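> model this:
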Amino acid sequence: MALFGKINSYNSANGTGTIAPEHGGDMLPFRKTDLRQQSSEPKPEQRYGYEMKSGDNGKKWAVRLELQPA
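Predicted structure coming up:
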């Protein structure tokens, strides 16, 4: 897990959210299925480690998100 960021938003109704990378840049979307701890919902300002994935269209998103200890 090389990248870290804080949760910006999470919509439990559709299971999607955004994370703000600590190293700067655009916010990255993620899906509930990309959370390692799917049993707990991410909260704004929680710090997560993640990996970044790019699609064929060049769009990037966060995957394999893991809550980091406080």
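> K60 pairs with what?
Counting by DSSP bridges, K60 forms beta bridges with S54.
> ok, residues contacting stretch 26-33?
If you take CB atoms under 8 Å, 6 or more residues apart in numbering as the criterion, stretch 26-33 is touched by 5, 8, 15-21, 38, 50, 52, 60-63, 65. Glycine gets a C-beta too; all of them are placed from N, C-alpha and C.
> Tabulate the CA atom coordinates of that stretch in CSV.
The C-alpha atoms that make up stretch 26-33 are tabulated as CSV, following Å, rounded to 0.1, in the frame of the first residue of the first chain:
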residue,chain,number,x,y,z
ASP,A,26,-7.7,15.1,-7.9
MET,A,27,-10.0,13.2,-5.6
LEU,A,28,-10.4,9.6,-6.6
PRO,A,29,-13.7,7.7,-6.6
PHE,A,30,-14.1,4.3,-5.0
ARG,A,31,-16.8,1.7,-4.5
LYS,A,32,-17.8,-0.2,-1.4
THR,A,33,-16.5,-3.4,-3.0
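> Now do it, average pLDDT.
For stretch 26-33, the mean per-residue pLDDT is 95.
> just stretch 36-45 next, same as before
88.
> Ok, stretch 3-23 next?
Stretch 3-23 comes out at a mean pLDDT of 96.
> Off-centre distance for it?
Relative to its parent chain, stretch 3-23 has a centroid offset of 4 Å by CA atoms, centre = their mean, to the nearest Å.
> which residues touch that stretch?
For stretch 3-23, the surrounding residues in contact (CB under 8 Å, 6+ apart) are 27-33, 41-52, 62, 65, 68.
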